[in-house]
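Q: the sequence and its predicted three-dimensional model are supplied below.
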Amino acid sequence: MITFLSGGTGTPKLLLGVRTLIPDEEIAVVVNTAEDLWISGNHLSPDVDTVIYLFSGILNTETWWGMRDDTFVTHSEAERLGTDEFIAIGDRDRAVHIARADFLRGGMTLTEATSCLCRAFGVRARVLPMCDSGVTTIVKTPDGWKHFQEYWVRLRGRVEIDGVARRADSPPVLTKEAHDAIRESDAVVIGPSNPVTSILPILECEGARESLRGLPVIAVSPFIGDRPVSGPASALMKAAGYEPGSYGTFLLYKDLIDLFVQDIRDPSVVTGAIRLDTLMTDVEKSVSLAREILTRIPGLETSFKAE
Ligand code: GDP
């Protein structure tokens, strides 16, 4: 089994390729939950939803959120009625948020609720929220600290930010399920997700860094130069006091990883890193990057080399 640490875009793009090469049953994904939000009375877990939809083949891979061909009737009507629903939620997507909220209110953990949703969608990979307690990434804007989604979706990332923090009622702890999946794995892949908003929240969970010890760990950079392939990763790195780019990313992971992957176009140099074409502009590109990465996992080398 291989475990991936994932946010909601870069790593899912890689998973799209991975699942054409190994069975879903042999894939576990520990997913960031620090972007979760209660909205319009329901529970949105954006990265978890993206990963569930990916493995059930219904993800909208134009946007990397929501379901393909979803409709937005309820969202439009809710807006017309004057609600503050600042995230566009599709009708079928909303049903998932309603179900999750219902499960959570009924006393399930987020891990259990996710497992129920996975069953309903026929997902065979293990989709594992990083923790079962609430934790939120907040950013410091000129108007004060805001939920990351407020900054990125409502304000479209158009304001300066100069601080990043995590807000939590209790220190987040890596779930037992995530811990066990990692320990059962032949290797762990830190996908090309936003280091500050997707990967560090996972690594900050109590027990997360320790769980990786002794396992082969490969990380893929989401940057080319000081720009991410998409999204606000540069602004977040700067606001958190890190250098945007592959080297800054490498420094965040260096104690954990055996191999660091940079894009062939990346002008910055990370000594010891390997160069691959990491730009996953279509499924074929995702598959070939996935194959290159799997080839470098000890024990799997020969299975993927020939193709
Ligand atoms: P989020 O939860 O939606 O923010 O998604 P992630 O954190 O999983 O992914 C966002 C990161 O994915 C961004 O920093 C992008 O630079 C990176 N990314 C997106 N597409 C690609 C790609 O094709 N290749 C690489 N290397 N990185 C990518």
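A: Right, received. Where do you want to start?

Q: report the beta-bridge partners for whichever residue of the stretch 201-307 of the chain sits closest to the ligand.
A: Residue nearest to the ligand within the stretch 201-307 of the chain: P228 (3.1 Å; CB to the nearest ligand atom). (Glycine included, C-beta is placed from N, CA and C.) According to DSSP bridges, F223 are recorded as the beta-bridge partners of P228.

Q: count the neighbours of it for me.
A: 25 (other CB atoms under 10 Å).

Q: so for it, what's the pLDDT?
A: You'll see P228 listed with a pLDDT of 97.

Q: shift numbering so it begins at 57
A: Done: numbering now begins at 57, and the last item shifts to P284.

Q: contacts only, for G304.
A: When contacts are counted by CB atoms under 8 Å, 6 or more residues apart in numbering, G304 is found next to 251, 279, 293, 298.

Q: rerun at 10 Å
A: With contacts taken as CB atoms under 10 Å, 6 or more residues apart in numbering, G304 has the following neighbours: 251-252, 277, 279, 282, 289-290, 293-294, 296-298, 324, 326.

Q: and it, that's in a helix?
A: Yes - assessed by DSSP: H, G, I helix; E, B strand; the rest coil, G304 belongs to a helix.

Q: buried subset of the contacts of G304?
A: 251-252, 277, 279, 282, 289-290, 293-294, 296, 298, 324, 326 (16 or more other CB atoms under 10 Å).

Q: and for the residue nearest to R124 when sequence neighbours are not counted, the neighbour number?
A: Leaving out its chain neighbours, the residue that sits closest to R124 by CB to CB, 6 or more residues apart in numbering is N116, at 4.7 Å. Residue neighbour count, defined by other CB under 10 Å, stands at 16 for N116.

Q: just to revisit the earlier point, now narrow the buried ones among the contacts of G304 to whatever sits close to the ligand.
A: By CB under 6 Å from any ligand atom, the members of these lying near the ligand are A289.

Q: just the ones of the buried ones among the contacts of G304 in strands?
A: Here DSSP state E is the test, and these give F279 as lying in strands.

Q: residues of this structure that sit close to the ligand?
A: Residues of the chain found near the ligand (CB under 6 Å from any ligand atom) are 62-67, 69, 103, 248-250, 253-254, 276, 278, 284-287, 289, 319, 334-336.

Q: and which of the buried ones among the contacts of G304 is nearest S96?
A: Taking CB to CB as the measure, S96 lies nearest V252 of the buried ones among the contacts of G304, at 27.1 Å.

Q: got a PyMOL select line for the buried ones in the residues of the chain next to the ligand?
A: Here is the PyMOL command that selects only those of those that count as buried (16+ other CB under 10 Å):
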select buried, resi 62+63+64+65+66+67+69+103+248+249+250+253+254+276+278+284+285+287+289+319+334+335+336
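
Q: in strands, which of the residues of the chain next to the ligand fall?
A: Judged by DSSP E, the residues of the chain next to the ligand include 62, 276, 284, 319 as members of strands.

Q: report the contact partners of the last one.
A: Read it as D319. Taking CB under 10 Å, 6+ apart as the criterion, D319 is in contact with 248, 276-281, 285, 302, 329, 331-335, 345.

Q: now F279
A: Applying CB under 10 Å, 6+ apart to F279 gives the contacts 248, 250-251, 285, 289-290, 293, 300-306, 318-319, 322, 324, 334.

Q: again with R182
A: R182 makes contacts with 57, 59, 80-86, 111, 170-171, 174, 233-234, 236-237, 240, as judged by CB under 10 Å, 6+ apart.

Q: buried members of those into ChimeraX, please.
A: The ChimeraX command for the buried members of these (criterion: 16+ other CB under 10 Å) is given here:
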select :57,59,80,82,83,84,85,86,111,170,171,174,233,234,237
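
Q: just the contacts of R182: which are in strands?
A: Using DSSP E to define strands, the subset of the contacts of R182 located there is 59, 83-86.

Q: now pLDDT too, for these, in JSON lines please.
A: Conversion of these to JSON lines gives the following (pLDDT from 0 to 100):
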{"residue": "T59", "pLDDT": "98"}
{"residue": "I83", "pLDDT": "98"}
{"residue": "A84", "pLDDT": "98"}
{"residue": "V85", "pLDDT": "99"}
{"residue": "V86", "pLDDT": "99"}
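
Q: distance from the chain centre to the helix or strand harbouring R347, please.
A: With the criterion set as DSSP states H and E, the secondary-structure element containing R347 is helix 339-351. Counting by CA atoms, centre = their mean, to the nearest Å, helix 339-351 is centred 18 Å from the centre of its parent chain.

Q: now the helices for the stretch 107-256 of the chain?
A: Taking DSSP state H, counting those that start in this stretch, the helices of the stretch 107-256 of the chain run over residues 129-136, 147-161, 166-176, 204-205, 232-239, 256-260.
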